[in-house]
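> Let me see the structure of the following:
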Amino acid sequence: MNKRITLCACSSRHIIDKEKAAAVASALEAQGYEVKMIADLCKLVETHDTALEAISQSIVVACYPRAVAALFASCGLKEPERYDIRNESAEEVLAKIAPDAKEVPVDSSIRKQLDDFPVEEGTDAWFPVMDKSRCINCGKCFDFCLFGVYAKEDREVKVVHPSSCKNNCPACSRICPEKAIIFPKYERSPFNGGLKDDEVIGDSDQAFYAAELRRRLELRKNKVSLLKKEGK
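Numbering: from 1, shown residues only. Below is the predicted model:
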């Protein structure tokens with residue numbers, strides 16, 4: 001039985017409630033689980049931190065399961081057992097991991113660790129990951145992005161420069177016909193890995209993104225032309 005837990009606090013955003021995270025961690029430790037809290041799973045993925053392999057073998061308590069699976073897949077790691085503390089209550093999470101767990105007083109050291117995690121407002125890890133079960137490699141995201149986040153390799157679209165993504169911009173996910181692009185820190189589903197369509201793209205939005213795509217392609221074309229002239 002896996003008794004190792006990794007709990008992501010997503011410390012730079014107000015996505016995961018600290019009281020809930022502390023309550024879950026305290027209850028699990030009381031049940032004999034080894035709980036390790038991390039400030040930001042996305043940051044570890046962005047930097048391909050060596051700790052990820054060990055984390056993938058633990059039970060991961062974080063945000064939407066689809067987002068967590070895509071994060072690990074982006075590093076070539078198999079998806080871990082994972083639970084959603086972002087959207088489910090402490091009671092729901094505990095019932096799935098340790099049905100016999102009882103509510104206990106919050107461990108003050110756990111709460112202090114959560115409070116002491118760094119807050120990187122505006123500079124935290126923000127980047128897309130691909131749900132390969134949905135992606136059809138159409139390349140629209142690659143064509144749309146001006147920041148070099150994506151690449152096409154052997155007819156497959158990949159996120160190759162996550163740190164180049166513009167913070168808080170989920171625009172490429174909105175033009176994806178299969179809703180395969182996930183920004184784990186985004187507010188609304190399905191672009192944050194959720195399964196519900198909280199944010200639906202209407203006809204006017206589709207027209208806007210089509211026009212924006214044409215504009216960006218033209219900018220890219222002009223940039224290439226300028227580079228050719230400079231190279232003469």
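> Lys96 - how many residues pack around it?
Each residue near Lys96 was counted by other CB atoms under 10 Å, and the total is 14. From N, CA and C alone the C-beta is placed, and that goes for glycine too.
> What of Pro128?
Here the neighbour count serves as a burial measure; for Pro128 (other CB under 10 Å) it reads 25.
> Cys172 is in contact with that one, correct?
Yes. Contact criterion CB atoms under 8 Å: Pro128 and Cys172 qualify, at 6.4 Å.
> Mutual contacts of these two, please.
141, 149, 181 (CB atoms under 8 Å, 6 or more residues apart in numbering).
> List phi and psi for the last one.
Read that as Ile181. Dihedral angles of Ile181 (phi, psi; degrees, to the nearest 10) stand at phi -90, psi 130.
> List the contacts of it.
Here Ile181 is in contact with 128-131, 141, 170, 172-173, 191 (CB under 8 Å, 6+ apart).
> And for Ser26?
Contacts of Ser26 by CB under 8 Å, 6+ apart are 104-107, 110.
> Please convert the buried members of the residues you listed into ChimeraX selection syntax.
What follows is the ChimeraX syntax selecting those of these that are buried according to 16 or more other CB atoms under 10 Å:
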select :106,107,110
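> Tabulate the contacts of Ser26 (TSV), appending secondary structure, distance to Gly76 and pLDDT.
Supplementary listing: the contacts of Ser26 in TSV, determined by DSSP: H, G, I helix; E, B strand; the rest coil; distance: CB to CB, whole Å; pLDDT from 0 to 100:
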residue	secondary structure	distance to Gly76	pLDDT
Val104	coil	38	94
Pro105	coil	41	95
Val106	coil	37	96
Asp107	coil	35	96
Ile110	helix	32	97
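> With that, I have no additional questions.
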